[in-house]
Each structure stands twice: as structure tokens, then as C-alpha cells.
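Asks: Can you look at this prediction? I've put the sequence above it.
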Amino acid sequence: MTDAAASFEPSERVRAYTARFRRFLDEDVAPLEKALADEKVGTPWQPHLDAAGRMHPTVWEARRKVQRRSGELGLYAPHIAEEFGGGGFSRVEMHHVEEYVYRQSGLGLGLAALAWTEGPNPASPYMSASLRERYLTPLMKGQITTAFANTEPGVGSDVLAMNTYAKRDGSDWIINGRKAWITNPHFADFIHVTAVTEPGAGSRSLSMFIVDAKTPGFSRGIDIPTMIDDGLTGELEFKDVRVPAENLVGEVGDGFALGMSFINWRRVCRGGMCAGWGEWLVERAVQRAHSRKAGGKTIADYQAVQHLIANMDMDVYQARATSLVAQTRLDQIGCFKIPLDNEAHRLISLIKVINDQAFYRVCDNAIQVHGASGLRLGSPEEKLFRIARNLRIPAGTTEIQFNAIARGVLQRNKTKPQPAP
Ligand SMILES: Cc1cc2nc3c(=O)[nH]c(=O)nc-3n(C[C@H](O)[C@H](O)[C@H](O)COP(=O)(O)OP(=O)(O)OC[C@H]3O[C@@H](n4cnc5c(N)ncnc54)[C@H](O)[C@@H]3O)c2cc1C
């Protein structure tokens with residue numbers, strides 16, 4: 001096998017990680033899932049909501065138990081550098097880890113075991129040393145959770161038009177603004193928030209701050225119900241929130257770049273997630289096709305159903321291949337480097353958009369194979385179809401990815417001589 005081919009295979013440490021993760025699912029997660037089922041508060045993927053529309057506290061606590069235990073076992077944050085307590089895995093290694101976790105967990109509690117939006121992200125290590133000790137260390141162990149607050153009620157894709165401001169007052173900063181569509185707003189112990197610090201300075205106009213949820217002036221707003229229906233999206237308000245200078249993440253003016261490193265992390269994670277869930281759906285569709293009878297034979301005997309499954313397999317294959325090829329290159333040029341290499345923007349957007357679109361078709365075909373039972377509210381196919389539709393908006397819409405891909409291609413070819421006719 002050549003070196004290039006070998007790089008697409010799970011490394012030794014990925015294999016060691018997935019073996020430990022398998023044991024964790026069997027020994028720790030399975031009993032918690034059973035205990036949760038007995039509580040009759042919904043499932044991890046279709047939780048009951050409380051009176052305010054938030055995830056039922058018992059389901060949230062079951063997820064938190066999984067995260068704390070995963071943190072104790074060193075399974076929670078393989079994507080963060082070793083010097084900050086993570087696994088130091090490359091992006092290709094993380095593709096394999098994410099694919100494994102999604103494939104093996106399905107829609108169960110095991111998904112919470114790998115840090116997601118509520119865990120440490122590529123911007124977190126830019127905290128000052130004292131903040132790292134106070135927030136990053138417990139976050140890495142799953143002992144506390146966070147949120148990333150960038151979007152506002154009036155501003156989504158057009159991030160630089162945001163209306164949350166941070167003004168200097170002596171050595172402190174005073175933050176005012178409202179954020180919306182934020183994941184984990186109800187439970188986060190602290191927030192990574194972006195705010196304007198130098199109006200008119202373009203991509204240097206924003207800075208990122210850490211705000212403890214106990215800070216006076218900070219409040220949690222309404223839950224925003226979405227088609228995912230998990231009670232984990234909502235608003236946050238910052239009213240004269242005073243934070244010391246040490247709560248600045250990175251330097252003044254780094255907020256846009258740090259925010260993009262969080263967003264780009266969410267984008268590249270689509271590869272392993274869509275591959276893992278996609279393979280799970282293909283397997284469920286195959287089982288269904290072999291067991292469901294129509295016209296005296298199984299539906300797997302009908303070419304029309306075989307083609308639905310072939311299309312699912314094709315979509316998973318192409319999206320997975322895109323992710324592995326692009327993340328191999330991103331490992332060479334830096335996926336979260338500040339400033340980011342021009343080529344990286346295009347590759348990151350290719351991973352997101354190809355996976356989002358392919359996974360949407362996979363979920364659609366999965367429902368078709370299952371017939372009416374694929375439409376049953378709360379079935380895995382129905383839930384993943386809603387998740388797949390959602391994926392095309394957060395972390396940058398499909399159209400914003402097209403813009404980045406087009407920019408990358410146009411810039412790349414700008415200086416090349418015209419090919420001979
Ligand atoms: C479930 C969920 C979780 C989320 N979690 C978070 C979170 O944790 N933190 C956070 O900060 N945000 C979060 N978001 C917000 C998310 O990032 C934004 O919804 C997203 O960036 C799009 O912004 P918007 O919804 O305002 O759409 P808009 O920006 O208003 O876009 C509307 C339409 O116009 C198109 N459009 C806009 N600008 C352009 C352009 N320049 N070129 C071409 N087309 C364009 C878009 O593609 C889209 O079709 C979340 C959203 C959801 C639904």
C-alpha cells in the first residue's frame with residue numbers, strides 16, 4: 001500500500017480509541033440508556049420537553065453523565081491538542097473517530113460522548129492561561145458545558161453586520177447585545193461570545209470573549225423550537241455584562257477568525273457524521289428490504305428498491321471519499337490555522353455541502369425503503385430526515401458554501417494562462 005493510500009485507513013491510535021469507545025458503549029452507555037428508557041421521558045433523540053420548551057432535565061442529565069464519564073476515560077476531546085489535555089488527533093483521524101461514533105451510536109446516548117457544540121472547540125485553547133485553568137480544563141473533562149454565541153435575531157450569514165458590542169471601560173469590557181439560534185443556551189456554564197470591538201474594521205472588527213453564565217447582566221432567553229425538536233436552541237441576552245480583560249480570547253480583532261475556526265470545525269465534522277449515520281441507514285434499509293414482504297417476495301427482490309439502496313450507498317461513498325481526501329489535504333495546510341490558507345476555505349465548504357446534500361438524499365431514500373413506518377414520528381429515519389434538512393443551514397448555509405467554493409476556484413485559476421483552444 002502506498003503512503004497516500006495508507007493515510008485513508010484508521011491509524012493505530014484511532015483503532016485503540018474505537019476499541020475503547022466500543023467498550024464504553026457496552027459497559028457505561030447501555031445501562032444509562034436502559035435507565036433512561038425506564039424514566040419515560042422520551043428517548044435521547046426524541047426527548048420530552050419541559051414547560052419552557054427545553055430538553056427534559058432527566059434526558060439532559062443522562063447526556064451529562066455520559067459526557068463526564070467519557071471525559072474521565074479520555075474519550076471526550078480527541079480533536080483538541082495534547083498540550084491542553086486532548087488526544088491531538090489529525091482531521092483524518094477525527095473523520096474515522098466521528099464515523100465510528102455515529103455508526104455505532106445511531107441516535108443513542110453514545111453521541112453525547114464525543115465533544116460537540118457544547119464541548120471544547122478550536123477557539124477554546126486561545127483563552128488566557130487563567131481562563132484555561134478555570135474553563136478549558138473542566139470543559140475538556142466534560143465537567144461543564146459551553147455555547148458559541150455568534151448569530152443574532154437580525155444577523156446570520158452576514159456575521160460582520162452584528163449588533164452585539166463590547167466597549168472598553170478601564171481594563172474591563174462591557175458587552176451589550178442579543179444572540180439567537182444558539183445551541184445549548186439553557187444549560188451552558190459559560191459562553192464563547194463574539195462582539196464588535198472596532199466598528200468598520202472589516203474582518204478585524206470583532207473580538208471573542210468568555211462570559212460566565214453567573215455574570216450579572218447575562219440572561220438566558222426563550223427556547224426557539226426547531227424541526228429537530230430537541231429543546232436545545234434558543235436566545236441569550238447580554239445587558240451591560242462586565243468582563244475583565246483576561247476574558248478576551250486571543251487578541252482584540254481576532255473574533256471573526258476565531259468564530260470561523262469554530263464554524264469550520266462544525267463544517268468538517270459533517271464528513272464523519274454523515275458517513276457514520278449514512279452507513280447506519282443503509283444497513284437498516286437492507287435489513288428492512290430483506291424482511292418486508294410484498295407480492296409474495298421480499299421487497300429486496302424488486303429492482304426499484306435495490307436502486308434506492310444503490311443510490312444510498314453511492315451518496316455515502318462519494319461524501320465519505322470527499323471528506324477523507326479533503327481532510328488529508330487540510331491536515332497538510334492547517335484546518336484551523338489563523339490566518340487560514342485560501343485553499344482551506346474551499347475544501348472545508350466542499351466537505352460541508354457535499355455531505356449535507358448527499359446525506360439529505362440518503363435520508364429521503366431511507367424513508368422510501370421503509371414505507372409508512374419510515375414516516376412514523378420518532379422513527380430513526382424520520383428523525384434523521386429532519387436533522388438532514390436542518391444541516392443545510394447551521395454552520396453556514398449551502399449558498400454560503402457555494403460562495404466559498406466559487407471564490408476558491410476563481411482565485412486559483414485567476415493567474416493561470418488561458419488554455420489553448
Ligand atoms: C439548529 C440550529 C443551531 C444553531 N446553532 C448555532 C450556534 O450554536 N451558534 C450560532 O452562533 N449560531 C447558530 N445557529 C445559527 C446559524 O448559524 C444560522 O442560522 C446560519 O448561519 C444562517 O443564518 P440565518 O439563519 O440568519 O440565514 P440568513 O443569513 O438570513 O440567510 C437566509 C437565506 O439567504 C441566503 N444568503 C444570505 N446571505 C447570502 C449571500 N451572501 N450569498 C448567497 N446567499 C445568501 C442564505 O443562503 C439563505 O438561503 C444555529 C441555527 C440552527 C437552525
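Replies: Yep, that arrived. Nothing here was measured: the structure is a model prediction, and the numbers come from that model.

Asks: The nearest residue to Ser11 once chain neighbours are set aside and Phe256, how far apart?
Replies: Once flanking residues are discounted, Ser11 sits nearest to Glu93: 5.6 Å by CB to CB, 6 or more residues apart in numbering. No exception for glycine: its C-beta is placed from N, CA and C like everyone else's. As defined by CB to CB, to the nearest Å, Glu93 lies at a distance of 28 Å from Phe256.

Asks: just to revisit the earlier point, the residue nearest to Ser11 against Pro78, yeah?
Replies: Yes - taking CB atoms under 8 Å as the definition, Glu93 is a contact partner of Pro78 at 7.5 Å.

Asks: quick one on the thing from earlier: neighbouring contacts of whatever helix or strand the residue nearest to Ser11 lives in?
Replies: Assessed by DSSP states H and E, Glu93 sits inside helix 91-105. Helix 91-105 is contacted by residues 7-8, 10-11, 13-14, 17-18, 21-22, 25, 29, 78-79, 89, 110-111, 113-114, 268-269, 271-273, 275-277, 279-280, 320, 323-324, 327-328, 330-331, 335 when judged by CB atoms under 8 Å, 6 or more residues apart in numbering.

Asks: Now tell me what touches the helix or strand following it from outside.
Replies: Using DSSP H and E, the helix or strand that follows helix 91-105 in sequence is helix 129-131. Outside helix 129-131, the residues within contact range by CB under 8 Å, 6+ apart are Ile210, Glu246, Asn247, Val249.

Asks: dump the residue contacts of the last one.
Replies: With contacts taken as CB under 8 Å, 6+ apart, Val249 has the following neighbours: Ala123, Ser124, Tyr126, Met127, Leu131, His192, Ser207, Met208, Phe209, Ile210, Gly255, Leu258.

Asks: And these, which of them are buried?
Replies: Buried members of the contacts of Val249, scored by 16 or more other CB atoms under 10 Å, are Ala123, Ser124, Tyr126, Met127, Leu131, His192, Ser207, Met208, Phe209, Ile210, Gly255, Leu258.

Asks: Output those in JSON lines; the columns should cover distance to the ligand and pLDDT.
Replies: Output for those, formatted as JSON lines (distance: CB to the nearest ligand atom, whole Å; pLDDT from 0 to 100):
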{"residue": "Ala123", "distance to the ligand": "12", "pLDDT": "98"}
{"residue": "Ser124", "distance to the ligand": "14", "pLDDT": "97"}
{"residue": "Tyr126", "distance to the ligand": "17", "pLDDT": "98"}
{"residue": "Met127", "distance to the ligand": "18", "pLDDT": "98"}
{"residue": "Leu131", "distance to the ligand": "20", "pLDDT": "97"}
{"residue": "His192", "distance to the ligand": "9", "pLDDT": "98"}
{"residue": "Ser207", "distance to the ligand": "15", "pLDDT": "98"}
{"residue": "Met208", "distance to the ligand": "12", "pLDDT": "98"}
{"residue": "Phe209", "distance to the ligand": "14", "pLDDT": "98"}
{"residue": "Ile210", "distance to the ligand": "15", "pLDDT": "98"}
{"residue": "Gly255", "distance to the ligand": "12", "pLDDT": "98"}
{"residue": "Leu258", "distance to the ligand": "12", "pLDDT": "98"}
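
Asks: quick revisit: select from the contacts of helix 91-105 every entry located in helices.
Replies: With DSSP state H as the criterion, helices contain 13-14, 17-18, 21-22, 268, 271-273, 275-277, 279-280, 320, 323-324, 327-328, 330-331 from among those.

Asks: List only buried entries from the residues you listed.
Replies: Buried members of the ones in helices among the contacts of helix 91-105, counted by 16+ other CB under 10 Å: 14, 17-18, 21, 268, 271-273, 275-277, 279-280, 320, 323-324, 327-328, 330.

Asks: Do a quick rundown of the helices in the protein.
Replies: Remark: helices assigned in the chain by DSSP H are 3-6, 12-24, 30-39, 57-72, 91-105, 129-131, 137-140, 255-268, 270-291, 303-333, 342-370, 372-375, 380-391, 398-414.

Asks: Packing partners of the third one?
Replies: Applying 3 or more CB pairs under 8 Å, 6 or more residues apart in numbering; DSSP states H and E, we find helix 30-39 packed against helix 57-72.

Asks: Pull up the gap between the residue nearest to Phe218 when sequence neighbours are not counted and Trp173, please.
Replies: The shortest distance from Phe218 to any non-neighbouring residue, by CB to CB, 6+ apart, is to Val241 (5.2 Å). Here the criterion is CB to CB. By it, Val241 lies 9 Å from Trp173.

Asks: Please tell me how far stretch 199-210 is from the chain's geometric centre.
Replies: Offset of stretch 199-210 from its chain centre (CA atoms, centre = their mean, to the nearest Å): 24 Å.

Asks: Mind listing residues that contact it?
Replies: 123, 126-127, 131, 135, 159-160, 162, 166, 173, 175, 190-198, 243, 247-259.

Asks: What of stretch 22-30?
Replies: By CB under 8 Å, 6+ apart, the surrounding residues in contact with stretch 22-30 are Val66, Arg69, Ser70, Leu73, Leu75, Gln104, Ser105, Gly108, Leu109, Gly110, Ala113.

Asks: Pull the number of nearby residues for Leu236.
Replies: Look at Leu236: counted by other CB atoms under 10 Å, it has 24 neighbours.

Asks: pretty sure it is touching Arg178, no?
Replies: Yes - using CB under 8 Å, Leu236 is in contact with Arg178, at 7.3 Å.

Asks: shared neighbours, those two?
Replies: Gly221.

Asks: Tell me who's in contact with Arg376.
Replies: If a contact means CB under 8 Å, 6+ apart, then Arg376 has Glu382 as its contacts.

Asks: measure it to Met162 for me?
Replies: Distance, Arg376 to Met162, by CB to CB: 41 Å.
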